[in-house]
Every structure is written in C-alpha cells, then in structure tokens.
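Asks: need a 3D model of the following:
(one chain, ligands or ions: 1)
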Amino acid sequence: MLAKRHLLEPADLSIEEMEEIFSLAEKIIVDPCAFTEICRGKVLATLFFEPSTRTRLSFEAAMLRLGGQTLGFAEASSSSSTKGESLADTIRAVSAYADIIAMRTPKEGAALLASKYSDVPIINAGDGGHHHPTQTLTDLLTIRAYKGGFSGLTIGLCGDLKFGRTVHSLAKAMSRYPNNKFVLISPKELKIPEFITRKVFNDAGVSFIEEEYLENVIGELDILYMTRVQRERFFNEQDYIRLKDSYILDKQKMRNAKQSMIVLHPLPRVNEVAPEVDDDPRAVYFKQVKYGMYVRMALMAKLTGAI
Ligand code: NCD
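Replies: Predicted structure coming up:
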C-alpha cells in the first residue's frame, strides 16, 4: 500500500512498489487524458527552501495535470522560517492545508524530521547533499524507456559525486538490481562519500571503480550520468572555481562512447555538457525532464490514495 506513505529516500520504496509507479507512469504517458480528474480536490504544497526550476514546477505541473491544485513557496525568504519558525511548526500548519507535501531544504535529514510532524505524505525533493528520490524515479523511468530494464548495466557517474544528492539516490536505487557496475568519475576532492561506497555498494556486493578521467572509461559505459559541481555546498569559492570545469563532455569524447550509451543529467547544466552534444541521439537529458513529470504524477496519484 503506497497511500499515506512518505518518500524520503529511494529505499523507502520496495522494488515492487517502484514497479507499480513506473507502470502507472507509462499508462499516463500513453493516455494522459484518462488521468486528468484523478486528484480532483487534492492539494499539493511545495515548500522550497532552496532554489529549483524543474523539480518544483514538475511537481506542480504533475498535480495540475491530475486535476488537483497547488500552493506553496519557492524561496525560504518568503516563508515564516525567516521569523524563526521551526520546520516542525511549519509542517504542522501546512499539513493542515494540503493532502501531500513536496519539500526541498539545504539541510540533510530535514525531510525525515518533517515526516515526524506531518499528517500527510512528505516527499523529499532534495535535502542538502543527501538524497533526491523523485529525481531517481525520473532517472529510472528514463533508463527503463531506453534500456528496457535496470540490470546488467555499467553506469558512469561523473562530476560532483561528493555533494550530488541525485548521484547518491541513483547509486542506492541501481544497487538493488543485479549485475550492475559503477564507474565513479570525479576529481579526488569530490569522490562519492563512504555512506555510499561502504553502506550501499559493499553491503549489496556491487562492484565499482574510481577514476579521474572520463576519456579513460567512456567507452565501457551503458549510461553516463553527468552532474554539475554543486557550488552552493562549497565552503570556499576558490575551490569551486578550481574544480568547476573538471569535466566537459563534448563531441570529441562522445566519439569514443558506445552507440547504445545514453547520457543523463538531472539538470541544471552549467559547463559539464557542451551544447554541441545536445543533438546527439544518445543525449536524452531533455527527454528525462518529461519522464520526471509523468513519474511524479504516478507517485502522487499513489501516495494520495487517488489510485
Ligand atoms: C538537482 C538537485 O537539485 O539536486 N536538480 C534537480 O532536481 N533536477 C541537481 C543539481 O542541482 O545539480
């Protein structure tokens, strides 16, 4: 039963429940008109204490397309947190107004805390450098569309693997499927944290290698997941400037990739994928955006108990 549940990190959903969400999303893609009244009378609150374009609008578009309504704020400065209100109190109030809450904060663990005070489902739309489970549902639905499944894949994660929450959530989710291998491509300073290598990869017996140069490994990959360097999580600007252009995927590098490889990116992109790559049929990051909206439609239809 998915109704009334919170989604704080990918493992909150079993493989079967994820399957349920993907197959509903695929039904919505085929016949969106059949779902336009499903959430009539339901209200989504979007509480975004950190900037966002895609994620917040994708949640809102998803609820509107299901016939529901939305309210919320797009920046911390317009909320009572600036008056010193605790997250717990904000959530107590908002859960009285809304049937479901999507929230983003710069603090790791904030969504978990919110879930303790909410009478309605909390969806974590990003808690600091920790997790971002609906981006992972987006990534997985895209992978399913292009690769037909989630196993036997060599997955390259490239860029800021230290602070990139989308990377942490994707690594956790894909580690649950058999025979996947990870190639972790990052500068030394931005390596994936131990809570992923030890707790996720080692516990699941997943094999991984760490590599500094994308060109050394691009030819082995089935999926290349590019990410931006997370400027807002750096303590000093000098380090950001030094590391920000560590990777730039361009046509030259794409020449050495398999014809069947796909390039994913959670977006926003800064410099890490050159615009000249956009026309390559293997670059599917803009298609990914649409899958994100459909998978959020399916998720919210389930969590609100509408389906
Ligand atoms: C990501 C995020 O917020 O973590 N964006 C998104 O939700 N699509 C990635 C990022 O900001 O780099």
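
Asks: next one: the residue lying farthest from the centre of the chain relative to the ligand, how far apart?
Replies: Centroid-distance maximum for the chain: Lys83 at 30.2 Å, with Cα atoms, centre = their mean. Lys83 sits 26 Å away from the ligand, going by Cβ to the nearest ligand atom, to the nearest Å. No exception for glycine: its C-beta is placed from N, CA and C like everyone else's.

Asks: need the contact list for that residue.
Replies: Contacts for Lys83 (Cβ atoms under 8 Å, 6 or more residues apart in numbering) come out as none.

Asks: Gly292 contacts Thr136, doesn't it?
Replies: No - assessed by Cβ atoms under 8 Å, Gly292 is found out of contact with Thr136, at 10.4 Å.

Asks: what residues sit buried inside stretch 53-64?
Replies: Arg54, Thr55, Arg56, Ser58, Phe59, Glu60, Ala61, Ala62, Met63 (16 or more other Cβ atoms under 10 Å).

Asks: mind checking how far the residue farthest from the centre of the chain is from Ser77?
Replies: 11 Å (Cβ to Cβ, to the nearest Å).

Asks: okay, which residue is most central for the protein?
Replies: Nearest residue to the geometric centre of the chain (Cα atoms, centre = their mean): Gln135, 1.8 Å.

Asks: show the contacting residues for that residue.
Replies: Contacts of Gln135 by Cβ under 8 Å, 6+ apart are Thr55, Gly126, Arg165, Thr166, Ser169, Leu170, Pro266, Gly292.

Asks: tell me the secondary structure of the nearest residue to the first one once chain neighbours are set aside, please.
Replies: Spatially, and ignoring its direct neighbours in sequence, Thr55 is nearest to Ala125 (5.1 Å; Cβ to Cβ, 6 or more residues apart in numbering). When classified by DSSP: H, G, I helix; E, B strand; the rest coil, Ala125 comes out as strand.
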